[in-house]
Every structure is written in structure tokens, then in C-alpha cells.
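> Sequence and predicted structure below; questions after.
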Amino acid sequence: MVNNFPFVGVVLNGGRSERMGTDKADLALGEETLLQLTISGLREASARSIYVVGKESTEFLGRDVIQIKDIWPGEGPLGGILTALESIKEGHIPVMILACDFPNLDIAEIKILIEHAYSNPDSIVVPSVKGHKQWMHACWPTTAVGHIKESFTRGERAPHRAIEGLKTIVLERSEMRAYLDVDTPEEFEKAKRIFKERNEKK
């Protein structure tokens, strides 16, 4: 059984969704949008607090959700990650940062990442699926903010290069559905089928 370690949840909501053709965060699966589903997943995983970084949503996201503007809009996800790490004032606690387009989050997977973060203080914990590191579904330490900001200031925008020199734990994962993000209409249709099948089995 995976323990409920305290952590902060962050949802990045700043992408331009160019390949999707519409704002991904507003796409609906069942009775919730992708943004709401991601927030619900963090709640279920027992996040102590939840932040949404980027575009301000007009829908009610819950009294436990804090919306903050991306300090560096248009500069890619690294700007959102840095905004989150600089904004969180909750002490030395792991920060689970997710993009808003993971429709089939696995709560057990999130808790495993958090548990590894506690076992490896000051380390970034990133899952890898078939050799592909999932930087938009990773756990970050607040202590990384100085290093990341320095890289960002030098002009780096790729998370995997910005963290060079920091301690990183890579976890090979096999639960592929949990790490399926949606960037295109075709991927969203696939996600809808998986979502429907999963809910029919409940």
C-alpha cells in the first residue's frame, strides 16, 4: 500500500494547443473538462494544496484551488514550472507538476512518485515510459528553483537541459495509459475510448 505523503499539486494551463485547434483544458470527458479531471486526480491523491498556473479559468475549480498567472507566458512549460516553484511558500515539500492534458491519471502512480521524492530529498523524480521521460508528469523539489531560474535566465527553455547538474531520479513505468497526453484530435478520440472503457469497468 502506498502511503499518503504530503505534497503540493500543480497543473500547468498555459499551452497554446496549436495541434489540437482548441484549448485542451476545456475539452470534456464525462462530466469534467481535462483541467477539472487533473485537479480531481490531485485531490484524490491527497494533495495538500493545488495551484493552476497559466490562463485563468472562468469555471469554478474549487475553494482549494489557487490560480496564478504564468510570470513568463509564451515561454513554454519551463516558465510555468518556474512560476510554480517560486510561488509555493509551503516549505520543503515535493511539488507534483502536471500538464492539464493527462485524461487517465493513475492515482497510485502519482503516489509512487511522491514516495520516491521523500526517499530522495532535493531530487527531481521523473517517470519514463519506453525510454521517454515524462517531464510534464514529474515531481519537483522547491530547492531546485535557483538552479532552474539561472538556466532559464540564460535562455534555456527545455526542462531536460535546464535541470542538468541537479539530482534526478528516473523511474521506468509500465502503466502507459496514465502517461497518455493528448495533443491532437486523434489522440483525444483515443483518450475518450480509454476513459469510457475504464469507467465501464468500475
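Okay, I see it.
> so where's the longest helix in this protein?
Secondary structure of the chain per DSSP state H: the longest helix is helix 185-200.
> For that helix, output the C-alpha coordinates as PDB.
Taking Å, rounded to 0.1, in the frame of the first residue of the first chain, the C-alpha atoms of helix 185-200 are listed here in PDB:
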ATOM      1  CA  PRO A 185      -7.900  15.500 -32.100                       C
ATOM      2  CA  GLU A 186      -7.000  11.900 -32.900                       C
ATOM      3  CA  GLU A 187      -5.300  11.400 -29.500                       C
ATOM      4  CA  PHE A 188      -8.300  12.900 -27.800                       C
ATOM      5  CA  GLU A 189     -10.600  10.400 -29.500                       C
ATOM      6  CA  LYS A 190      -8.300   7.600 -28.300                       C
ATOM      7  CA  ALA A 191      -8.400   9.100 -24.800                       C
ATOM      8  CA  LYS A 192     -12.200   9.100 -24.900                       C
ATOM      9  CA  ARG A 193     -12.300   5.400 -25.700                       C
ATOM     10  CA  ILE A 194      -9.900   4.600 -22.900                       C
ATOM     11  CA  PHE A 195     -11.800   6.800 -20.500                       C
ATOM     12  CA  LYS A 196     -15.100   5.100 -21.400                       C
ATOM     13  CA  GLU A 197     -13.700   1.600 -21.100                       C
ATOM     14  CA  ARG A 198     -12.200   2.400 -17.700                       C
ATOM     15  CA  ASN A 199     -15.400   3.800 -16.300                       C
ATOM     16  CA  GLU A 200     -17.500   0.900 -17.600                       C
END
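> Quick one: distance of the helix or strand of the chain with the lowest mean pLDDT to the chain centre.
In the chain, the helix or strand scored least confidently by mean pLDDT, DSSP states H and E is helix 185-200, which has a mean of 79. Distance, stretch centre to chain centre, for helix 185-200: 20 Å (Cα atoms, centre = their mean, to the nearest Å).
> What residues sit buried inside it?
Glu187, Phe188, Ala191, Lys192, Phe195 (16 or more other Cβ atoms under 10 Å). For the C-beta atoms, the positions are set from N, CA and C on the backbone; glycine is no exception.
> Would you mind pulling the contact partners of it?
With contact meaning Cβ atoms under 8 Å, 6 or more residues apart in numbering, helix 185-200 is reached by Met20, Gly21, Lys24, Leu27, Leu29, Gly30, Pro103, Asn104, Arg177, Leu180, Asp181, Val182.
> was I right about the fifth one contacting Leu37?
Right, Leu29. Yes: applying Cβ atoms under 8 Å, one finds Leu29 in contact with Leu37, separated by 6.2 Å.
> That's all I had, so thanks and see you.
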